[in-house]
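Q: predicted model follows, preceded by the sequence.
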Amino acid sequence: MIETTSYHESALALHKRVCVVDAHCDTISLVLDDGHMFAHGSHEGHIDVPRLREAGMGIQVLACWNEPQWSGHAAFARCMEKIGTFYQEQRKADLRLVTRKADLDVLDLGFILSLEDAAPCMGNTRHIDALYAAGVRMIGLTWNGRNEIADGLKVGDKPGGLTDVGRICVGHMQALGIVVDLSHIAEVGFWDVVAESTKPLACSHSNAKAVHDHIRNLTDAQIKAIAASGGVIGVTYVPSFLSTERPGIAEVIRHIEHIVEVGGIDVVGLGSDFDGIQTTPVGLEDCSRLPALTAALMERGWKEAELTKLLGANWVRVFKANWTC
């Protein structure tokens, strides 16, 4: 039997030769609001460039979260400030922004910009065009509340689905080449988007409700719908989404393996929500610990082809299927 240390070495070696993708983190908010040392490293938070490189990360998606106090033009301005924050960090360390299909084939650390909550779009396709021009390539349609496009999953007892404007915006996003992210959307809106969509869909950071019954987790029917669209679900490390107690790597694996059982190996990916959570699963204290998850899956008998899909190939496939150039 191979020693655990050998598994860890094998896991890190695998990370170095495949594209590892984390589809969601809130690090850019820490940089803007708290002065987090992202480009050159920090002892705080969960993610920075040196630790990403240590873990063998290929692509980190940086979410521009719209805090619920911002709406209308203020939300758009706040979002652009977060995008500008990334560009300032980019100049400090020559960071690679990933916006084109060809960029996805470069085996070096890169970053994709996303939105968590489409409130900055204001239901306006011109704002979507502006965000695309600024580098945004994935948009979460809602956070927990209501915006012009749809209702989030915490909008009262009877949340609404896609608005008429929302239908136009979803079509516009997909025509431009922006991945539509359904994490946080109310279930009625989820099914509206499934019916309207012409491209593979994403849930950037969501888990399995059958494993742990949390409002933010997906039913088996939703998992199957994302799989049928050719999309991906990023299993997230948010402790309350994983279990009732503080979880460890074993609980993350339970969600991964259930999603695979229900939707197949092509539907599963990673979406940590690092720097958006106060506590982490034991063993995944920051991004540098990701090889421990891979090593644990190796110990369970996961093959390299399966791990390659989970770690990033599934996300790369979905980005390529959505992006237009």
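A: Structure's in. What do you need? What you are looking at is a predicted structure, and each value in this text was computed from that prediction instead of being measured.
Q: what packs against the longest helix along the chain?
A: Assignment by DSSP state H gives helix 72-93 as the longest helix of the chain. On a contact count with 3 or more CB pairs under 8 Å, 6 or more residues apart in numbering; DSSP states H and E, helix 72-93 meets helix 27-34, strand 59-65, strand 110-116, helix 125-133. (Each C-beta comes from the backbone N, C-alpha and C, glycine too.)
Q: residue 316 is nearest to which of the ones you listed?
A: Across these, the minimum distance to residue 316, taken as CB to CB, is reached by strand 59-65, at 7.8 Å.
Q: give me the contacts around that closest one.
A: With CB atoms under 8 Å, 6 or more residues apart in numbering as the test, strand 59-65 has contacts from 19-29, 47, 52, 79, 82-83, 86, 98, 104, 109-117, 120, 136, 138, 140, 143, 204, 271, 276, 287, 312, 315-316.
Q: what about the helix or strand of the chain with the lowest mean pLDDT, distance to the chain center?
A: Across the helices and strands of the chain, mean pLDDT, DSSP states H and E gives its lowest value to helix 4-17, namely a mean of 87. Distance, stretch centre to chain centre, for helix 4-17: 23 Å (CA atoms, centre = their mean, to the nearest Å).
Q: that one: what's the following helix or strand?
A: Later in the chain than helix 4-17, the nearest helix or strand by DSSP states H and E is strand 21-22.
Q: in its sheet, what does that following strand sit against?
A: strand 59-65 (parallel) (DSSP bridges).
Q: report the angle between the partner strand and strand 110-116.
A: 30 degrees (axes from the mean of the first three to the mean of the last three CA atoms, to 10 degrees).
Q: just the angle between strand 59-65 and helix 125-133, please?
A: Angle of strand 59-65 versus helix 125-133, following the same axes, to 10 degrees, is 150 degrees.
Q: could you find the closest non-adjacent residue to residue 255?
A: Distances taken as CB to CB, 6 or more residues apart in numbering place residue 207 nearest to residue 255, at 4.4 Å, with adjacent residues excluded.
Q: ok, that neighbour - contacts?
A: Neighbour list for residue 207: 214, 216, 217, 218, 235, 236, 238, 241, 242, 255, 259 [criterion: CB under 8 Å, 6+ apart].
Q: please identify the helix or strand for the first one.
A: When secondary structure is defined using DSSP H and E, no element contains residue 214, which sits outside every helix and strand.
Q: and the pLDDT at it?
A: pLDDT, residue 214: 98.
Q: you'd agree it is up against residue 244?
A: No: assessed by CB atoms under 8 Å, residue 214 is found out of contact with residue 244, at 9.5 Å.
Q: tell me what the least confident helix or strand of the chain is packed against?
A: Using 3+ CB pairs under 8 Å, 6+ apart, helix 4-17 sits against helix 290-299, helix 304-308.
Q: I'd like to know which of those is closest to residue 324.
A: Set against residue 324 and scored by CB to CB, these come closest in helix 304-308, at 25.4 Å.
Q: which residues sit against that closest one?
A: Applying CB under 8 Å, 6+ apart, the contact partners of helix 304-308 are 14, 18, 265, 294, 297, 298.
Q: quick one: average pLDDT of it?
A: 98.
Q: list the buried residues in that helix.
A: Using 16 or more other CB atoms under 10 Å as the test for burial, helix 304-308 gives 307, 308.
Q: just checking, which helix or strand succeeds that helix along the chain?
A: By DSSP H and E, the next helix or strand past helix 304-308 is helix 314-322.
Q: list the buried residues in that next one.
A: For helix 314-322, burial by neighbour count (16+ other CB under 10 Å) applies to 314, 315, 316, 317, 318, 319, 322.
Q: coming back round to it: neighbour-wise, which of the contacts of helix 304-308 leads?
A: Neighbour tally across the contacts of helix 304-308 (other CB atoms under 10 Å): the maximum, 24 neighbours, falls on residue 294.
Q: is it correct that it is in contact with residue 311?
A: Yes: with contacts counted by CB under 8 Å, residue 294 reaches residue 311, the gap being 6.8 Å.
Q: shared neighbours, these two?
A: 14, 15.
Q: between the contacts of helix 304-308, which sits nearest residue 34?
A: Residue 34 lies nearest to residue 294 out of these, by CB to CB, at 29.8 Å.
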